[in-house]
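[1] With the input below, show me the fold.
(chains A, B, C and D)
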There are 2 protein chains.
Amino acid sequence: MSTTGRGLHGHVLETLGPAITAGEYPPGSVLRTDELAQQFDVSRSVMREAVRVLESMHLVESRRRVGVTVRPKSEWNVYDPQVIRWRLAGADRPHQLRSLTVLRSAVEPVAAGLAAKNATAEQCAELTECALGMVANSRGHQLEGYLFHDIAFHRVILNASGNEMFARLGDVVAEVLAGRTHHEVMFEDPDPAAVTLHVQVAEAVRARDAARAEHLVREITVGALQELDILAPGK
Amino acid sequence: MSTTGRGLHGHVLETLGPAITAGEYPPGSVLRTDELAQQFDVSRSVMREAVRVLESMHLVESRRRVGVTVRPKSEWNVYDPQVIRWRLAGADRPHQLRSLTVLRSAVEPVAAGLAAKNATAEQCAELTECALGMVANSRGHQLEGYLFHDIAFHRVILNASGNEMFARLGDVVAEVLAGRTHHEVMFEDPDPAAVTLHVQVAEAVRARDAARAEHLVREITVGALQELDILAPGK
DNA sequence: GTGACAAATAAGTCTGACTTTTTCTTCCCG
DNA sequence: CGGGAAGAAAAAGTCAGACTTATTTGTCAC
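    Residues are numbered from 1 along each chain as shown, chains lettered A, B, ... in the order given. The predicted model follows:
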């Protein structure tokens, strides 16, 4: 699942990244490369590479005679999959989950509309297959099977949209859906209405009915947003 | 405007990044660190740092005994502002511009709806100010003045949405809008209908009318999409 | 107080030697 | 003739140390 772990510099990132995104170093904090290198027991070259990566994510800024200063959250590259993973793994998880769900609610309906126009026959078939898989696993606490097909379904929609930016959100959506099943409370079987909606989306895409596909997915994402409000009301 | 240029490794990135995103090295191409270091006349340490950054953008993958292999476009971190800049600066510009405009058409309406709910009094004022600035610069070929207020307007909307992911798209939107004025053909004064829409959006947000704000911005983005189809018709 | 000059500091750079992993080659045995 | 194991080769990965350079801070004279 994790992509970085390779190499010493990857190990450093796997520790420093989460620490920074978790807010352990408040914005403006100053770190020194040599000091960090000692703490992590690696050479300065390795630490420098790690710092360069953090810098490319806009998590920190390296300036001469000053050191490595932590940037405010508002400047982070919050679309970097690595940053998203780190934040989802830390204390910021609920907030990040909400942000991503809102993003989903904006992107997925439009993606579905485009998918209805651009999906290949093969993608239509995959979509139907996923929807059927969801139906088959929708009762009797087969949450894992349901999740698997749910993720695949949304991935196909995003890919079929034909927009590369949408397609790259597949992992994000997967993370959000998986989080809902694994971390959040999920005793019950999935909402039957949601299952029906997915089946109807597959139909709409197959029928090239863009407006209907968009509307249906909008209903799905509205449901996801409401779910969040139930779990963590307020604001 | 450019963020990277600092340091030797930044200079290398400024050359290698655009080259890769422009497709000069086809996916699967193998580069060797030492060779690159020689070509750019920098030490291996510097080149390694550059490669690490490219790796964190998923543009390349570094493997032992193999070298630095270029990854397929489908794996790039296409939301990385740096990658976006590089692609906008290269041959991929039209395609990238289209992707981003589609993304805008998904995100901005939803952001406007949220802004109507969450905008502070100050943000409402800024919004009105921007809209007025657009009106004032909408006639007589004052394209730069118009662009300035247009960018500010959309930035305020995205920030006022209260969603960090939306807020971080401010630079992207700015880039798209600026591109339309500077690179694409733009002899005429801006479409009066678009100007009116912006004013109405400011009103809707001030009136806390989320549905109306969302609808109005959707009209704006639809206009932007149509503009693209006029300039580069087909698919 | 202001401006210039000097010192301190931490990042930036380079080099060369060494290690480790992975792949290719070769060669022997079945 | 095929397959697998041992060895060689190649390139990234790691480390240590010396040196450079930009930036800040502090001081002193005016």
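
[2] From here on, just use CA atoms for contacts and neighbour counts.
    OK.

[3] Helices along chain A, start to end?
    Ranges of helices in chain A, per DSSP state H, are A:7-21, A:33-40, A:44-56, A:81-89, A:93-118, A:121-136, A:143-160, A:164-167, A:170-182, A:192-206, A:210-231.

[4] now for those helices, which one comes closest to DNA strand C?
    helix A:33-40 (3.9 Å; C-alpha to the nearest atom of the strand).

[5] nearest to B:Q123, of the helices of chain A?
    Within the helices of chain A, the stretch nearest B:Q123 is helix A:93-118; the backing value is 20.5 Å (C-alpha to C-alpha).

[6] now the closest one: how far from the chain's centre is it?
    Here helix A:93-118 is found 10 Å from its chain centre; the criterion is C-alpha atoms, centre = their mean, to the nearest Å.

[7] so what does that helix touch, helix or strand wise?
    helix A:81-89, helix A:143-160, helix A:170-182, helix A:192-206, helix A:210-231, helix B:93-118, helix B:164-167 (3 or more C-alpha pairs under 8 Å, 6 or more residues apart in numbering or on different chains; DSSP states H and E).

[8] and DNA strand D, which of those helices is closest to it?
    Closest among the helices and strands packed on helix A:93-118, using C-alpha to the nearest atom of the strand: helix A:81-89, at 17.6 Å.

[9] just the CA coordinates of the closest one, formatted as PDB?
    The C-alpha coordinates for helix A:81-89 follow below in PDB (Å, rounded to 0.1, in the frame of the first residue of the first chain):
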ATOM      1  CA  PRO A  81      -1.200  11.200  -2.500                       C
ATOM      2  CA  GLN A  82       1.600  10.900   0.000                       C
ATOM      3  CA  VAL A  83       0.400  13.900   2.000                       C
ATOM      4  CA  ILE A  84      -3.100  12.600   1.900                       C
ATOM      5  CA  ARG A  85      -2.000   9.200   3.200                       C
ATOM      6  CA  TRP A  86       0.000  10.800   6.000                       C
ATOM      7  CA  ARG A  87      -2.900  13.000   7.100                       C
ATOM      8  CA  LEU A  88      -5.400  10.200   6.900                       C
ATOM      9  CA  ALA A  89      -3.100   8.100   9.200                       C
END
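
[10] Tell me which residue in chain A sits closest to DNA strand C.
    For chain A, C-alpha to the nearest atom of the strand, closest residue to DNA strand C: A:R32, 3.1 Å.

[11] contacting residues around that residue?
    With contact taken as C-alpha atoms under 8 Å, 6 or more residues apart in numbering or on different chains, A:R32 is in contact with A:67-68.

[12] Quick check: the gap between A:E203 and A:E214.
    For A:E203, the distance to A:E214 equals 12 Å [C-alpha to C-alpha, to the nearest Å].

[13] ok, now A:D34?
    Counting by C-alpha to C-alpha - A:D34 and A:E214 are separated by 53 Å.

[14] and these two? which has more neighbours close in?
    In terms of neighbours (other C-alpha atoms under 10 Å in any protein chain shown), A:E214 is the more surrounded of A:D34 and A:E214; the figures are 23 against 16.

[15] tell me which parts of chain A are close to chain B?
    Contact residues (C-alpha under 8 Å from any C-alpha of the partner chain) of chain A with chain B: A:45, A:48-49, A:52-53, A:56, A:74-75, A:77-81, A:99-100, A:102-103, A:106-107, A:110, A:163-166, A:168.

[16] Among those residues, name the buried ones.
    By neighbour count, with 16 or more other C-alpha atoms under 10 Å in any protein chain shown, these hold A:45, A:48-49, A:52-53, A:56, A:77-81, A:99-100, A:102-103, A:106-107, A:110, A:163-166, A:168 as buried.

[17] Keep only those residues that also lie close to DNA strand C.
    The overlap between those and the neighbours of DNA strand C (C-alpha under 7 Å from any atom of the strand) comes to A:45, A:48.

[18] Name the nearest residue to the residue of chain A found nearest DNA strand D, sequence neighbours excluded.
    DNA strand D sits closest to A:L8 of chain A, with a gap of 3.2 Å, by C-alpha to the nearest atom of the strand. Of all residues not flanking A:L8 in the chain, A:V46 sits nearest, at 7.0 Å (C-alpha to C-alpha, 6 or more residues apart in numbering or on different chains).

[19] Could you tell me the per-residue confidence at the one you found?
    At A:V46, the model reports a pLDDT of 98.

[20] what's it in contact with, if anything?
    Applying C-alpha under 8 Å, 6+ apart, the residues near A:V46 are A:8-9, A:37.

[21] Considering only the residues you listed, which also neighbour DNA strand C?
    Answer for the contacts of A:V46 near DNA strand C: none qualify (C-alpha under 7 Å from any atom of the strand).

[22] Model confidence for the residue most central in space within chain A, exactly?
    Here the mean C-alpha position of chain A is nearest to the C-alpha of A:V172 (C-alpha atoms, centre = their mean), at a distance of 2.1 Å. A:V172 is assigned 95 on the pLDDT scale.

[23] swap in A:H141?
    Per the predicted model, pLDDT is 87 at A:H141.

[24] Right, I'll call it a day here.
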